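> model this:
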Amino acid sequence: MNADTTTAPPAAAEAPAPTQLTMAGALNAALRDAMAADDRVIVYGEDVGPLGGVFRVTDGLQAQFGDDRIWDSPLAESGIVGTAIGMAMYGMRPVVEMQFDAFSYPAFEQMVSHVAKMRNRTRGRVTLPMVVRIPCAGAIGGVEHHSDSSEAYWTSTPGLTVVMPSNPADAYSMLREAIDSDDPVVFMEPKSRYWSKAPLALPVTTAPMDRAEVVREGTDVTLIAYGPTVRTALEAADAAVDEGLSIEVVDLRSLSPFDDETVGASVRKTSRAAVIHEAAQFGGYGAEVAARVTERNFHHLAAPVLRIAGFDIPFPSPKLEEYHLPTADRVLAALDTWEWDA
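Numbers count the residues shown, from 1 in each chain. Next up, the predicted model:
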């Protein structure tokens, strides 16, 4: 009798086991994978080479890809963005780092006058596939030029996509998507969340970067947050349970464009809304959110949209940070100002 020569089908490859990864680690992995997948992707900025960046987001990349793919730039943000514009026009996909939020202001003219306008100026013939990474916001004990929340500047500039992840999974997925985009993306990274951890099996793909996500279901109020304040919003939602209040938390993820569909659906369900951010309240991004939610959902609202924000002052010293930045207690205190029986 002949031996049975039937072979079993090959076993399916096992998915990689999740490992604990910080947001900084997820961003590093996203850059590494993007550079490996496309040799047009280049990375440069202040101290991103051998040092690996002040937050170590680019750690080890120069050793792997060489100093012709990732290098240290001069301390000249306008020059960093200006050269990226030229490289993007000629087919490269530059990813540049501003090192700190307020350090990006010398590049403001390049961003507003050229990066944001190139597609429109050329009637779509020239696109700029470039990413400007901006570590942002506070709660790290760094003052003045190291703790700004500059998102309102960029979101008020048509032509720029502005996104801000709040967790490691989104950090990886959204950065990969930003690098693949043919249009410029301002990729804001909340510094206080660089060391937050989550179990991840890379590569991971989350929701498209232009979509918001409901990260906690609730019935009484929609709390709209992004970046560093998502965790604060979730803490407030946990604390509110003891007060008999059910808070739904929406992570915007994309600041521009704004996901009216997801936010509106949540607000129409709960009939109340509040927005929380670290930036000053006056003229802050929350003002646009409040106006937009009100205009589109006015007849569903039982109360005015609230804003919980930083104070209208220059960023304070580290000793005063905890009083300046929104907390879960400040969220609950703000919600208590509503007439809940109305």
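
> ok, residue 269 - contacts?
Residue 269 makes contact with 219, 222, 248, according to Cβ atoms under 8 Å, 6 or more residues apart in numbering. The C-beta positions use only the backbone N, C-alpha and C, and glycine is treated the same way.

> meant to ask about residue 72, not that
Counting by Cβ under 8 Å, 6+ apart, residue 72 has contacts 44-51.

> select only the buried ones of these in PyMOL?
Selecting the buried subset of the contacts of residue 72 in PyMOL, with 16 or more other Cβ atoms under 10 Å as the burial test, is done by:
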select buried, resi 44+45+46+48+49
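
> turn the contacts of residue 72 into JSON lines, including secondary structure.
As requested, the contacts of residue 72 are exported to JSON lines (DSSP: H, G, I helix; E, B strand; the rest coil):
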{"residue": "44", "secondary structure": "strand"}
{"residue": "45", "secondary structure": "strand"}
{"residue": "46", "secondary structure": "coil"}
{"residue": "47", "secondary structure": "coil"}
{"residue": "48", "secondary structure": "coil"}
{"residue": "49", "secondary structure": "coil"}
{"residue": "50", "secondary structure": "coil"}
{"residue": "51", "secondary structure": "coil"}
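
> and residue 81, how many neighbours?
Counted with other Cβ atoms under 10 Å, the neighbours of residue 81 add up to 24.

> element containing it, please.
Here residue 81 sits within helix 77-89, counting by DSSP states H and E.

> follow-up on the earlier one: could you pick out the buried ones from the contacts of residue 269?
222, 248.

> hang on, the earlier thing: so what touches the helix holding residue 81?
Taking Cβ under 8 Å, 6+ apart as the criterion, the residues outside helix 77-89 that touch it are 42, 44-46, 73, 94, 96, 98, 103-107, 109-111, 114-115, 118, 126-130, 132, 184.

> quick one: the helices in the chain?
Secondary structure of the chain by DSSP state H: the helices cover 23-37, 61-65, 77-89, 108-110, 118-121, 151-155, 168-180, 229-240, 260-270, 285-297, 321-324, 328-335.

> highest average neighbour count across those?
When the helices of the chain are scored by mean count of other Cβ atoms under 10 Å, the highest mean neighbour count falls to helix 168-180 (a mean of 24).

> and it, what does it pack onto?
In this structure, helix 168-180 makes packing contacts with helix 23-37, strand 131-136, strand 161-163, strand 185-190, strand 197-200, judged by 3 or more Cβ pairs under 8 Å, 6 or more residues apart in numbering; DSSP states H and E.

> try it again at 6 Å.
Applying 3 or more Cβ pairs under 6 Å, 6 or more residues apart in numbering; DSSP states H and E, we find helix 168-180 packed against helix 23-37, strand 197-200.

> sorry, back to before: quick check, nearest of the contacts of residue 269 to residue 26?
Taking Cβ to Cβ as the measure, residue 26 lies nearest residue 248 of the contacts of residue 269, at 25.8 Å.

> assess the claim that that closest one and residue 215 are in contact.
No. Contact criterion Cβ atoms under 6 Å: residue 248 and residue 215 do not qualify, at 9.0 Å.

> any idea how far residue 26 is from the spatially closest residue to residue 17 that is not a sequence neighbour?
In this structure, residue 17 finds its nearest non-sequential neighbour in residue 201, 6.5 Å apart by Cβ to Cβ, 6 or more residues apart in numbering. In this view, residue 201 and residue 26 are 12 Å apart by Cβ to Cβ, to the nearest Å.

> cool, residue 35 as well?
In terms of Cβ to Cβ, residue 35 sits 15 Å off from residue 26.

> same question, residue 322
With distances taken as Cβ to Cβ, residue 322 is found 27 Å from residue 26.

> ok, residue 41 - contacts?
Listed by Cβ atoms under 6 Å, 6 or more residues apart in numbering, the contact set of residue 41 reads 34-35, 93.

> what's the pLDDT at it?
As predicted, residue 41 sits at a pLDDT of 98.

> ok, the one 5 residues further on next?
Note for residue 46: predicted pLDDT of 96.

> which residues touch it?
So residue 46 contacts 75, 99 (Cβ under 6 Å, 6+ apart).

> number of nearby residues for the closest residue to residue 39 other than its chain neighbours?
Leaving aside its sequence neighbours, residue 39 sits nearest to residue 69 (Cβ to Cβ, 6+ apart; 7.6 Å). A count of neighbours around residue 69, defined by other Cβ under 10 Å, yields 16.

> dihedrals phi and psi, residue 69?
Dihedral pair for residue 69: phi -110, psi -20, per degrees, to the nearest 10.

> can you list the weak-confidence ranges in the stretch 201-342 of the chain?
Along the stretch 201-342 of the chain, segments meeting pLDDT under 70 span 342.

> neighbouring strands - and their directions - for the lengthiest strand in the chain?
Longest among the strand segments of the chain by residue count, using DSSP state E, is strand 273-280. Here strand 273-280 is paired, per DSSP bridges, with strand 221-225 (parallel), strand 306-310 (parallel).
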